[in-house]
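Asker: Sharing a model prediction with you, sequence too.
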Amino acid sequence: MSQLRNLPDQSPADRERNHLRLVEPAEPNQHTSATRNLNYGLAWARSYQARLLISDVTIIVTTTLAALLTRAEITRIPEFIAGVNPLVWLGLSGIAVTWIFLLEVFHTRDRRVIGAGPHEYKRVITACMTAFGLLSVILLVLEAGFPGKSAVLAMATGVLALLLSRWLWRRWLTRQRRYGRALSRVVVVGTRSEVDYVVSKIQGNLSAAFSVVGVLADPEPGDESESDAAHRVCFGPDQVVETAASLRADAVIVAGEHGSGNDYIRNLAWQLEGTAAELILASRLANVAGPRIHFRPVEGLPLIHVEIPQFEGGKHVVKRGLDIVVSSIALLILSPLFLILAIAVRLDSPGEAFFSQVRVGRNLGTFRMYKFRSMVSNASEKLAGLAEQNEGSGVLFKLKNDPRVTPFGRFIRKYSLDELPQIWNVLKGDMSLVGPRPPLPSEVRAYRGKVNRRMYIKPGLTGMWQINGRSDLNWEDSMRLDLYYVENWSVVGDLVIMWRTFKVLLNPVGAY
């Protein structure tokens, strides 16, 4: 049953006056189901933070002791411990306490960063670097006899262990959220379009960590929306705080710009002071990633600075350097696999082992892209006869059960092994490890308007499209992801995409 059934009923006149409708919730999906099993309030966060604290303390104590014991012979550890200078024990205690304290000072267990995004890891690294900076100074002053090698070992081991621990706990938390646990209950407030936008982003996104238990919107008569599919629209503008309390909401999300302006936001924040709910403002600053957004207050006016995308400069040099190093190493390591795949392709069907095709690169320059052949040798001649069966949208040709694909070709496509020769394109500089999908000249000729912006950077061996559905993506979604990458890419983001690509290849979905 709905969690909103105990709210005061509104008369038809009241609903008409408030421009609201009651909508029965649909059957919940696996991500939002088991409402009765949700951890009401923020008990899940407190429990999770306690688990992180225990893990952090255990790792820090173990790491500092292990660093000291590296100086002892395995067979004489008891004698070594008994002979340790008391000042060393004092120093070890200081290290552990300072390290734990700094993890708290840098808010590494803050509810707003745990479980999603890179900020948790960044804060852990910053806290560890600060801790060992202080450690170096203290040891120099006290001359406690703690060798530099041991300090370096403790630092490296400790940082890696803490990051691994956080990653493992995050995996556990994600599993909990799949069953509707460890989610914060939220009420979304705003206009119909803004509410729909926010709810659509939250639904099915486990990293959002939200369960939408109610929405407030101002729909047009007869309007239907995504948010209605799973939630009731059941309260007026003056009932936000009361409704949040009734639903035991952990937060109120204001979607977009509210019609009443800043006074509404300020008054709502004041009214929420007496509740356990927090206020969240959801901006629809579309296709702009966090690293490009900077806040700077001027005389009480919060200004949002959005960096203009740069298509040349220092980070592009770093990106090219990463391409050269990784592609060189990959070609050396994978050369035996290349030989095996080439032989298998030749044995599977008549024709060459490799397939090359003209593609369009950065600034509309063309290059020849290489792949292992996965289709029959006369595939291009058969394309015209399959045009009516095209399952793709836009300028893309897609056919899930393409008869031109060979048996072995279907296998190497499933695991993207046919793309491996493109590592040579990366080394040559035609492509990058990460970037937009390399298009055909015929596709580029059909581009209109903003789609041409995807040609501002080199195409990639992998990219946003590879980790978000692969061939299952339609034309519009593929272009949206490519344009988002072009505007917001970073070296760290590239490393994340490469890591996620390996995970996708182990569970190939959407590849054909």
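Answerer: That came in fine, so what should we check first? No experiment lies behind these values; they were computed from the predicted model shown.
Asker: switch to C-alpha atoms for all contacts and neighbour counts from now on
Answerer: Noted.
Asker: low pLDDT regions in the stretch 251-400 of the chain?
Answerer: Within the stretch 251-400 of the chain, the stretches with pLDDT under 70 are 257-263, 274, 283-307, 384-385, 387-398.
Asker: What segments of it are strands?
Answerer: Using DSSP state E, counting those that start in this stretch, the strands found in the stretch 251-400 of the chain span residues 251-255, 278-282, 293-298, 301-306, 354-360, 366-372.
Asker: for the stretch 401-512 of the chain, same thing?
Answerer: 432-434, 460-462.
Asker: Of the ones you listed, give the one that comes closest to residue 399.
Answerer: Closest to residue 399 of those is strand 460-462 (CA to CA; 20.8 Å).
Asker: The closest one packs against which elements?
Answerer: helix 422-428, strand 432-434, helix 491-506 (3 or more CA pairs under 8 Å, 6 or more residues apart in numbering; DSSP states H and E).
Asker: give me that answer again for 7 Å
Answerer: Here strand 460-462 touches strand 432-434, going by 3 or more CA pairs under 7 Å, 6 or more residues apart in numbering; DSSP states H and E.
Asker: In the sheet, which strands lie alongside the strand it packs on, parallel or antiparallel?
Answerer: According to DSSP bridges, strand 432-434 forms sheet pairs with strand 460-462 (parallel).
Asker: What are the buried residues along the strand it pairs with?
Answerer: 460-462 (16 or more other CA atoms under 10 Å).
Asker: next one: stretch 342-359
Answerer: In stretch 342-359, counting by 16+ other CA under 10 Å, buried: 342, 345, 349, 353-355, 359.
Asker: Repeat that for stretch 401-420.
Answerer: 404-406, 408-420.
Asker: Now for the residues you listed: which two are most distant?
Answerer: By the measure CA to CA, 404 and 420 form the most distant pair in those, at 20.3 Å.
Asker: follow-up on the earlier one: just the closest of the buried residues of stretch 342-359 to residue 381, please.
Answerer: Checking the buried residues of stretch 342-359 against residue 381 by CA to CA gives residue 355 as the nearest, at 14.7 Å.
Asker: Tell me if I'm right that the closest one and residue 369 touch.
Answerer: No. Checked against CA atoms under 7 Å, the pair residue 355 and residue 369 is beyond contact range at 8.3 Å.
Asker: what is in contact with those two at once?
Answerer: Counting by CA atoms under 7 Å, 6 or more residues apart in numbering, residue 355 and residue 369 have no common neighbour.
Asker: Got the domain ranges for the protein?
Answerer: Using automatic domain parsing, the domain parsing of the chain gives 12-38+183-284, 43-178, 314-506.
Asker: quick one, what contacts residue 482?
Answerer: Residue 482 makes contacts with 436, 454, 464, as judged by CA under 7 Å, 6+ apart.
Asker: can you check residue 323 too?
Answerer: Applying CA under 7 Å, 6+ apart, the residues contacting residue 323 are 426-427, 432-433.
Asker: In PyMOL, how would I select the buried members of these?
Answerer: Burial among those is assessed by 16+ other CA under 10 Å; the matching PyMOL selection reads:
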select buried, resi 426+427+432+433
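Asker: Spatially, which two of the contacts of residue 323 are the most separated?
Answerer: Greatest spatial distance among these (CA to CA): 427 and 433, at 9.2 Å.
Asker: biggest helix in the protein by residues?
Answerer: Counting by DSSP state H, the longest helix found in the chain is helix 314-348.
Asker: what angle do it and strand 354-360 make?
Answerer: Going by axes from the mean of the first three to the mean of the last three CA atoms, to 10 degrees, helix 314-348 is angled at 150 degrees with respect to strand 354-360.
Asker: Tell me the buried residues in helix 314-348?
Answerer: By neighbour count with 16+ other CA under 10 Å, helix 314-348 contains the buried residues 319-320, 322-324, 327, 331, 338, 341-342, 345.
Asker: Which of the domains of the chain comes out lowest on mean pLDDT?
Answerer: In terms of average pLDDT, domain 12-38+183-284 trails the rest of the domains of the chain, at a mean of 64.
Asker: Redo the buried residues of strand 460-462 as a markdown table? Include distance to residue 126.
Answerer: Converted to a markdown table, these look like this (distance: CA to CA, whole Å):
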| residue | distance to residue 126 |
| --- | --- |
| 460 | 31 |
| 461 | 32 |
| 462 | 30 |
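Asker: Return the set of buried residues in stretch 433-452.
Answerer: 433-440, 444, 452.
Asker: Alpha carbons of it, as CSV, please.
Answerer: Extracted in CSV, the C-alpha atoms of stretch 433-452 (Å, rounded to 0.1, in the frame of the first residue of the first chain):
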residue,chain,number,x,y,z
LEU,A,433,42.1,5.6,-25.3
VAL,A,434,38.8,7.4,-24.3
GLY,A,435,36.6,9.5,-26.4
PRO,A,436,33.5,9.6,-28.6
ARG,A,437,32.7,6.8,-30.9
PRO,A,438,34.6,7.1,-34.2
PRO,A,439,32.0,7.9,-36.9
LEU,A,440,31.9,7.0,-40.6
PRO,A,441,32.2,9.9,-43.2
SER,A,442,28.5,9.2,-44.2
GLU,A,443,27.4,9.7,-40.6
VAL,A,444,29.3,13.0,-40.3
ARG,A,445,27.8,14.4,-43.5
ALA,A,446,24.4,13.9,-41.8
TYR,A,447,25.4,15.8,-38.6
ARG,A,448,23.5,19.0,-37.9
GLY,A,449,24.0,21.7,-35.3
LYS,A,450,25.6,20.9,-32.0
VAL,A,451,26.3,17.2,-33.0
ASN,A,452,29.4,18.5,-34.8
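Asker: what's that stretch in contact with?
Answerer: 323, 358-361, 395, 426, 454, 458-463, 479, 482, 494.
Asker: Also stretch 411-428?
Answerer: Applying CA under 7 Å, 6+ apart, the contact partners of stretch 411-428 are 323-324, 327-328, 369-374, 431-433, 461, 505, 508, 511-512.
Asker: try 8 Å
Answerer: 323-324, 327-328, 330-331, 369-374, 409, 431-433, 461, 505-506, 508-509, 511-512 (CA atoms under 8 Å, 6 or more residues apart in numbering).
Asker: Start and end of it, how far apart?
Answerer: 27 Å (CA to CA, to the nearest Å).
Asker: can I get the strands of the stretch 401-512 of the chain in a markdown table with distance to residue 214?
Answerer: A markdown table is the format used below for the strands of the stretch 401-512 of the chain (distance: least, CA to CA, whole Å):
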| stretch | distance to residue 214 |
| --- | --- |
| strand 432-434 | 39 |
| strand 460-462 | 39 |
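Asker: Please identify which of those strands is closest to residue 212.
Answerer: Using CA to CA, these put strand 460-462 closest to residue 212, at 33.6 Å.
Asker: Can you name the residues in contact with the closest one?
Answerer: Contacts of strand 460-462 (CA under 8 Å, 6+ apart): 419, 422-423, 426, 431-438, 497-498, 501.
Asker: which among these gets closest to residue 101?
Answerer: residue 497 (32.9 Å).
Asker: Surely that closest one and residue 463 touch.
Answerer: Yes. Between residue 497 and residue 463 there is a contact under CA atoms under 8 Å: 6.5 Å.
Asker: The two: which is more packed in?
Answerer: Taking other CA atoms under 10 Å, residue 497 and residue 463 do not tie; residue 463 has more neighbours (24 against 20).
Asker: what separates the more buried one from residue 436, distance-wise?
Answerer: Counting by CA to CA, the separation of residue 463 from residue 436 is 6 Å.
Asker: what's the answer for residue 442, then?
Answerer: Distance of residue 442 to residue 436, computed by CA to CA: 16 Å.
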